[in-house]
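J.: Model the following, please.
(one chain, ligands or ions: 1)
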Amino acid sequence: MQPSLRKKITYGYLAVALLILAISMFAYAEFRLIEEKIYLGERVTTLFDTALEIRRFERNFFLHGQATDLVENRRYVSELDTLLTQDWPDMTLLGVQHNVAQLHAELQIYQTLISDYASKRQAHDFRITKVEDHIRTIGKHIVVVVTDMLNNERQLVGHSLAKLRNILLAAIIAVAICVLFIGFALSRRVVQPLTQLAHNVDTFSRGKRDSLPLPSNDREVVSIISAFNHMLKELEVRQKHLLRSEKLASLGTLLSGVAHELNNPLSNIWTSCQIMQEELSQADIHYQRELLTQIDEQCQRARHIVRSLLDFARDRQFNKESLALQPIIDQTLRFIRREVPANVTITAQIPADIHIYADKQRIQQVFLNLLMNAIDASGEQGEIQIISSKYNPEQKSAVDVFGHDCLVDQPAIDISITDTGQGIAADILPRIFDPFFTTKDVGKGMGLGLFIVYEIIEEHAGCITVTSNVAQGTSFHLRLPQPIHDEQDIATTANNSPTDMKI
Ligand code: ADP
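T.: The predicted structure is shown next:
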């Protein structure tokens with residue numbers, strides 16, 4: 001059977017309720033016992049009063065010899081005897097059985113002696129004084145025994161009350177411990193999974209997870225998590241649809257841009273072909289070769305344009321792997337060598353041991369787009385710098401351009417591409433990653449470069465941000481995840497000094 005939070009809470013309350021019930025029943029039984037002892041105490045007090053009455057009428061009879069005093073004395077003696085007979089079973093509670101037995105015996109003797117005294121007094125027997133002394137001694141003793149019983153009873157009630165007080169104190173401590181223990185157990189079994197759930201949701205909201213793990217097997221938690229994960233899957237599907245429709249929309253715009261772009265190389269090819277046709281017989285072989293080279297270059301350009309369009313349109317599977325950064329940057333720089341004006345220098349400081357976890361083709365697209373923008377911004381002269389270093393979340397610098405939420409709990413790689421060209425004005429800075437945002441002339445830029453860069457970096461669970469100053473230039477900062485096993489590789493890499501590249 002699946003555990004549930006409701007059951008755990010119910011069991012917790014049930015345990016406390018049972019404990020309180022047991023303590024209450026125990027206390028009730030003790031109260032009943034004390035009540036009985038107090039009731040018995042009242043009867044012992046009656047015994048005591050009766051014994052005193054016996055002594056009072058005994059003294060009166062000795063003084064005045066009146067028959068009424070003798071009658072009263074005898075009445076109280078028989079009353080005491082009856083009381084003792086009635087109370088006999090209950091006396092076990094007070095623990096005074098031996099006193100009762102003794103009293104019975106003494107009352108018998110007392111009764112005999114009183115009768116003896118009465119007959120001797122009537123007969124003016126001189127031995128009367130001896131009997132009187134004897135009666136007084138026994139009478140005193142009866143009062144002493146009853147007083148003992150009374151004291152005994154009071155002591156017992158006192159003990160019972162003290163016992164009850166201790167029981168109540170122990171019960172309060174037991175309930176407190178029990179409540180604390182149950183509270184602790186409930187917090188472990190109920191609050192902890194909920195806290196874990198909140199933590200997981202938080203981690204998820206920062207984009208660190210695809211789905212929420214189960215913090216406990218409780219039915220309620222399981223149903224919340226499965227509903228949540230279902231909702232996440234739905235969201236993912238919708239997001240993909242949205243991206244696709246956005247892509248389709250941008251494809252339309254891209255197509256018109258590509259058509260425009262293709263127009264230039266095609267008209268160049270067409271012009272070169274025209275010239276060659278017209279001057280086929282007269283032109284010298286060098287000129288013809290030049291024209292053919294131009295045609296070749298323009299064909300390459302057209303091919304490149306068409307291929308980028310295809311690349312953008314194709315839904316290629318992501319293939320992330322551990323990649324050394326240095327060769328990728330090297331290769332990208334070779335691609336763009338021909339686009340770099342003579343007075344623009346590009347330097348790269350990438351330590352050889354830096355690896356990223358990325359899709360090679362897409363990450364190359366990122367560097368290509370960023371570098372082409374930097375070249376465009378530099379104009380005829382300037383400097384472009386590519387710097388990379390390891391980011392260690394434990395040694396966070398006070399100034400972190402990414403803020404607090406970028407790959408904060410895993411080792412990552414920081415890469416920056418900085419140019420000294422025309423910077424970006426503050427009012428357009430927030431829009432540069434928007435699709436189709438461009439400040440370039442028609443045919444030169446389509447405003448999709450940074451949009452695609454942003455999308456690719458997001459797909460790599462990395463971050464990108466930009467800092468720019470119109471007078472000094474622009475820096476694009478990237479942070480990409482490091483391959484998980486890379487830390488061992490790094491430790492064993494012998495040569496990890498940065499290598500400077502320059503073109
Ligand atoms: P495109 O290059 O086609 O214009 P992007 O999305 O690559 O599209 O860039 C959008 C805009 O951002 C550019 O038009 C430019 O104004 C600005 N931008 C991008 N990179 C830089 C840079 N390194 N220096 C100055 N401005 C830049």
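J.: which residues does Pro213 contact?
T.: Contacts for Pro213 (C-beta atoms under 8 Å, 6 or more residues apart in numbering) come out as Asn200, Ile225. Yep, even glycine has a C-beta here, placed from its N, CA and C like the rest.
J.: Tell me, what's the model's pLDDT at it?
T.: Pro213 is assigned a predicted lDDT (pLDDT) of 77.
J.: Secondary structure of it: a strand, I assume?
T.: No. Under DSSP: H, G, I helix; E, B strand; the rest coil, Pro213 sits outside any strand and is assigned coil.
J.: Ramachandran angles for it?
T.: When read as degrees, to the nearest 10, the backbone of Pro213 gives phi -80, psi 160.
J.: Roughly how far does it sit from Ile386?
T.: Distance from Pro213 to Ile386, counting by C-beta to C-beta, to the nearest Å: 38 Å.
J.: Same check on Gln361?
T.: Between Gln361 and Ile386 the computed distance is 19 Å (C-beta to C-beta).
J.: and those two? which has more neighbours close in?
T.: Neighbours were counted for Gln361 and for Ile386 using other C-beta atoms under 10 Å; Ile386 has more, 22 against 12.
J.: helix/strand/coil for that one?
T.: Secondary structure, three-state DSSP: Ile386 is strand.
J.: Can you name the residues of the protein that neighbour the ligand?
T.: Within reach of the ligand by C-beta under 6 Å from any ligand atom, the chain has these residues: 369, 373-374, 377, 419, 421-422, 424, 432, 437-440, 445-451, 474.
J.: Could you rerun that using 8 Å?
T.: Residues of the chain lying close to the ligand (C-beta under 8 Å from any ligand atom) are 369-370, 372-374, 376-377, 417, 419, 421-424, 428, 432-433, 437-440, 444-453, 466, 468, 473-474, 476.
J.: Ile464: which element?
T.: Ile464 is located in strand 463-469, with elements delineated by DSSP states H and E.
J.: Pull out the buried residues from that strand.
T.: By neighbour count on 16 or more other C-beta atoms under 10 Å, the buried set for strand 463-469 is Cys463, Ile464, Thr465, Val466, Thr467, Ser468.
J.: and which of those residues is nearest to the ligand?
T.: Comparing these against the ligand with C-beta to the nearest ligand atom picks out Ser468 as the nearest, at 6.6 Å.
J.: which residues in the stretch 251-400 of the chain form strands?
T.: Here the stretch 251-400 of the chain has its strands, by DSSP state E, counting those that start in this stretch, at 320-324, 343-351, 355-359, 381-391.
J.: Now do the helix or strand following the last one against strand 381-391, angle only.
T.: Remark: after strand 381-391, the chain's next helix or strand is strand 412-419, criterion DSSP H and E. Orientation note: strand 412-419 sits at an angle of 170 degrees relative to strand 381-391 (axes from the mean of the first three to the mean of the last three C-alpha atoms, to 10 degrees).
J.: List of residues touching strand 412-419?
T.: Against strand 412-419 from outside (C-beta under 8 Å, 6+ apart): 325, 354-356, 367, 370-371, 374-375, 377-378, 382-391, 393, 462, 473-482.
J.: Buried ones only from the residues you listed, please, as a ChimeraX command.
T.: Applying 16+ other C-beta under 10 Å to the contacts of strand 412-419 leaves a buried subset, and the ChimeraX line that selects it is:
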select :325,354,355,356,367,370,371,374,375,377,378,382,383,384,385,386,387,388,390,391,462,473,474,475,476,477,478,479,480,481,482
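J.: one step back: export the strands of the stretch 251-400 of the chain to TSV and tack on mean pLDDT?
T.: Compiled in TSV, these are given as follows (pLDDT from 0 to 100):
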stretch	mean pLDDT
strand 320-324	92
strand 343-351	95
strand 355-359	92
strand 381-391	93
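J.: Indicate which one of the ones you listed is closest to His124.
T.: With C-beta to C-beta as the measure, strand 381-391 is the member of the strands of the stretch 251-400 of the chain nearest His124 (129.5 Å).
J.: For the closest one, name the packing helices and strands.
T.: Applying 3 or more C-beta pairs under 8 Å, 6 or more residues apart in numbering; DSSP states H and E, one finds that strand 381-391 contacts strand 343-351, helix 360-378, strand 412-419.
J.: Mean pLDDT lowest where, among the ones you listed?
T.: Among the helices and strands packed on strand 381-391, helix 360-378 scores lowest, at a mean of 89.
J.: That one vs strand 463-469, what angle?
T.: Using the same axes, to 10 degrees: helix 360-378 against strand 463-469 is 10 degrees.
J.: could you dump helix 360-378 to PDB, C-alpha only?
T.: Provided in PDB are the C-alpha atoms of helix 360-378 (Å, rounded to 0.1, in the frame of the first residue of the first chain):
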ATOM      1  CA  LYS A 360      30.500  21.500 -32.700                       C
ATOM      2  CA  GLN A 361      28.700  22.900 -35.700                       C
ATOM      3  CA  ARG A 362      26.300  25.100 -33.700                       C
ATOM      4  CA  ILE A 363      28.900  26.500 -31.400                       C
ATOM      5  CA  GLN A 364      31.100  27.300 -34.400                       C
ATOM      6  CA  GLN A 365      28.100  29.200 -35.800                       C
ATOM      7  CA  VAL A 366      28.000  31.200 -32.600                       C
ATOM      8  CA  PHE A 367      31.700  32.200 -32.800                       C
ATOM      9  CA  LEU A 368      31.300  32.900 -36.500                       C
ATOM     10  CA  ASN A 369      28.300  35.300 -36.000                       C
ATOM     11  CA  LEU A 370      30.000  37.100 -33.100                       C
ATOM     12  CA  LEU A 371      33.300  37.500 -34.900                       C
ATOM     13  CA  MET A 372      31.600  38.700 -38.100                       C
ATOM     14  CA  ASN A 373      29.700  41.300 -36.100                       C
ATOM     15  CA  ALA A 374      33.000  42.400 -34.400                       C
ATOM     16  CA  ILE A 375      34.700  42.700 -37.800                       C
ATOM     17  CA  ASP A 376      31.800  44.700 -39.100                       C
ATOM     18  CA  ALA A 377      31.900  47.000 -36.100                       C
ATOM     19  CA  SER A 378      35.700  47.500 -36.400                       C
END
